[in-house]
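**Student:** sequence first, then the predicted structure, then my questions.
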Amino acid sequence: MSKLKDVVPYAGMEMNKKGQVALMFDNIAQSYDRLNQVLSLGIDRYWRWRAIRYLKDVQPQTILDVATGTADLAIATAKQLQPTLIVGVDISEKMLDYGRIKVKNAALDKIITLKTGDAENLSFSSNTFDAITVSFGVRNFENLEKGIAELYRVVRSGGRLVVLEFSKPQTPGIKQLYNFYFTHVLPRIGRLVSKDTSAYTYLPQSVQAFPQGAEFVQILTKNGFKTAKCIRLTFGICSIYIADK
C-alpha cells in the first residue's frame, strides 16, 4: 500500500501534495457539491448529521472546521448546535468562495467565518476551540501526524475532535460492489462532470492508502488524544472517529 503522503492527484507534477490538493479542489470547486450529492446518492447528509451528534454532549460554543470546503459541515453544525462561532479553514480559495455564498444564503455569516488555512500550520493559539471537526479531509493532509498534532494543539483541554472519513467495507458482497463503484464508476462520472481527469481517480487511491479504523485511532492516541474510537457507518463505507483532549 502506498504511503498517504505519496498519493497525489497529479502524478508527475513538480508540486508537493499540499499544492496539488489545493489545485485539484480549485479545479472541481464549481461542480463539487453537485457531484457529492450524485456520487453519494445523498447519504453524505446523513453522515454529517451523525458526526455532529457526537458533539452535543460537550456543547461547544467555538468550533474549528478543518478542510471545510464549501462549508457543508459548518452550516449543518451551526443549524444543529447553534454555537457562537464556527471558523472554517481550507487550502482551496475557490472552494471557500462557494462556501461563503452558501453561508450568506443560509443567513449564518455572523456565526460562520471561512478563511484560507493549512491544517498542518494553523494560525490559531493553543487551546482555542471547544471542538474541531474534519469531514473527508484528513486523507488529504500531506503529513498526517503533523496535522493531527496541530488539531490537538488548538483544541482546548476537555474539547473534542470529530473526524468523518471514507473507509473500506469488509462485508462480503458489499466490499466487491463498493470497490467496483469506487474504482470504475465514480471516476468516470467525476471526469465527465468536473472535467478534471485526475481528481476522482485520486479519491479512491487516497481512501485505499488512508490508515483506517484501529490504525487511525492509534495515530490519534499517539498524538495526545484520549478515548479515541471509530464508529463505522453504512456497511463501513464511511467512519466517524471521536477523540477528546
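**Tutor:** Perfect, thanks for sending it. Residues are numbered from 1 along each chain as shown.

**Student:** give me the residues contacting the biggest strand by length in the chain.
**Tutor:** Longest strand in the chain, counting residues (DSSP state E): strand 155-166. If you take CB atoms under 8 Å, 6 or more residues apart in numbering as the criterion, strand 155-166 is touched by 47-48, 51-52, 54-55, 58, 60, 64, 73, 127-139, 151-152, 207, 210, 212, 216, 220, 225, 237-245. C-betas here are computed from N, CA, C, even on glycine.

**Student:** what's in contact with the helix or strand containing Lys102?
**Tutor:** Per DSSP states H and E: Lys102 is located in helix 93-105. Outside helix 93-105, the residues that touch it by CB under 8 Å, 6+ apart are 25-26, 29-30, 32-33, 68-72, 74-75, 88, 90, 109, 112, 114-116.

**Student:** run the last query once more with 10 Å
**Tutor:** Under the criterion CB atoms under 10 Å, 6 or more residues apart in numbering, residues 22-23, 25-30, 32-33, 65, 67-72, 74-75, 78, 86, 88-90, 92, 108-117 lie in contact with helix 93-105.

**Student:** in PDB, list the C-alpha atoms belonging to the helix-or-strand element of the chain with minimal mean pLDDT.
**Tutor:** Ranked by mean pLDDT, DSSP states H and E, the weakest helix or strand in the chain is helix 186-194, scoring a mean of 85. The C-alpha trace of helix 186-194 is given here as PDB (Å, rounded to 0.1, in the frame of the first residue of the first chain):
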ATOM      1  CA  LEU A 186     -17.100   7.000  -9.700                       C
ATOM      2  CA  PRO A 187     -14.000   8.200 -11.600                       C
ATOM      3  CA  ARG A 188     -15.900   8.200 -14.900                       C
ATOM      4  CA  ILE A 189     -18.800  10.200 -13.600                       C
ATOM      5  CA  GLY A 190     -16.300  12.600 -11.800                       C
ATOM      6  CA  ARG A 191     -14.300  13.100 -15.000                       C
ATOM      7  CA  LEU A 192     -17.400  13.700 -17.100                       C
ATOM      8  CA  VAL A 193     -19.000  16.300 -14.800                       C
ATOM      9  CA  SER A 194     -15.900  18.100 -13.300                       C
END
